[in-house]
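Undergrad: Predicted structure and sequence below. I'll ask about it afterward.
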Amino acid sequence: RFLTLIGGSASQIGSVHLKRSVDQKVASSGMDELSGRLGTTPETLRLILDGLTQPPGFDIRQFGQEDFKRGIVSIHDLQAGTVLTGRVDNTCLFGAFVDLGVGRSGLIHKSKLTLDKLPVSQRRRSLALGPGDRVEVRVLNVDAQRGRISLDLVRVLH
């Protein structure tokens with residue numbers, strides 16, 4: 001039903017075009033409104049959107065190293081200057097959203113995605129980071145009231 005809502009199709013799953021359409025719809029309507037219209041919870045909708053925007057061949061069962069720091073489970077546990085690991089959730093024109101395991105994704109603004117922080121193999125990509133990339137980030141600012149976390153990219157992990 002979500003694909004119909006944004007004018008997409010199953011053949012577009014994982015494409016850059018579909019990612020853009022999803023990002024625009026979420027930005028314009030918000031997760032709460034969309035989940036209400038679709039008769040689901042925001043958490044379930046987030047899982048659906050993640051599945052629709054993953055690259056072809058992505059397997060959710062792939063497990064690597066632990067992504068999150070133990071003891072940090074809420075946005076209220078975060079402090080400016082803390083260095084954490086996370087996984088890129090989504091990318092957009094203004095940056096990359098990173099899942100830190102606190103219930104809200106943090107944003108690395110595109111101005112913080114500098115070439116010296118990227119592996120040589122990723123320096124030529126138009127979107128320096130992509131969904132599923134493991135990253136080490138530094139918390140720049142936390143606005144718990146608005147649910148916003150500003151991040152700086154420290155490095156991309158392998």
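TA: The structure has been received and is ready for your questions.
Undergrad: okay, CA-based contacts and neighbour counts for the rest of this
TA: Fine.
Undergrad: nearest spatial neighbour of residue 156, skipping sequence neighbours?
TA: Once its chain neighbours are removed from consideration, residue 156 has its nearest residue in residue 135; the separation is 4.5 Å (Cα to Cα, 6 or more residues apart in numbering).
Undergrad: What about the one you found? Give its phi and psi, please.
TA: Main-chain torsions, residue 135, degrees, to the nearest 10: phi -140, psi 150.
Undergrad: Show the contacting residues for it.
TA: Contacts of residue 135 were listed using Cα atoms under 8 Å, 6 or more residues apart in numbering, and they are 85-88, 153-157.
Undergrad: Also residue 87?
TA: Shown in contact with residue 87 (Cα under 8 Å, 6+ apart): 67, 98-100, 131-135.
Undergrad: quick one: it and residue 80, what's the gap?
TA: Taking Cα to Cα, to the nearest Å as the measure, residue 87 and residue 80 are separated by 19 Å.
Undergrad: Can you name the residues that contact the closest residue to residue 142 other than its chain neighbours?
TA: Once its chain neighbours are removed from consideration, residue 142 has its nearest residue in residue 149; the separation is 4.7 Å (Cα to Cα, 6+ apart). For residue 149, the contact set (Cα under 8 Å, 6+ apart) comprises 104-107, 139-143.
Undergrad: Kindly provide the distance from residue 149 to residue 100.
TA: From residue 149 to residue 100 the distance is 10 Å (Cα to Cα).
Undergrad: quick one on the thing from earlier: how near is the residue nearest to residue 142 to residue 135?
TA: As judged by Cα to Cα, residue 149 and residue 135 stand 15 Å apart.
Undergrad: now swap in residue 39 and tell me
TA: According to Cα to Cα, residue 39 stands 34 Å off from residue 135.
Undergrad: And residue 128, by the same measure?
TA: Residue 128 sits 12 Å away from residue 135, going by Cα to Cα.
Undergrad: ditto for residue 76
TA: Summarising the geometry, the distance separating residue 76 from residue 135, computed by Cα to Cα, is 21 Å.
Undergrad: rewinding a little: what do residue 149 and residue 100 both touch?
TA: Both residue 149 and residue 100 are contacted by residue 106, under the criterion Cα under 8 Å, 6+ apart.
Undergrad: all helices for this protein, in order.
TA: Assigned by DSSP state H, the chain shows helices spanning 2-6, 16-29, 31-38, 42-53.
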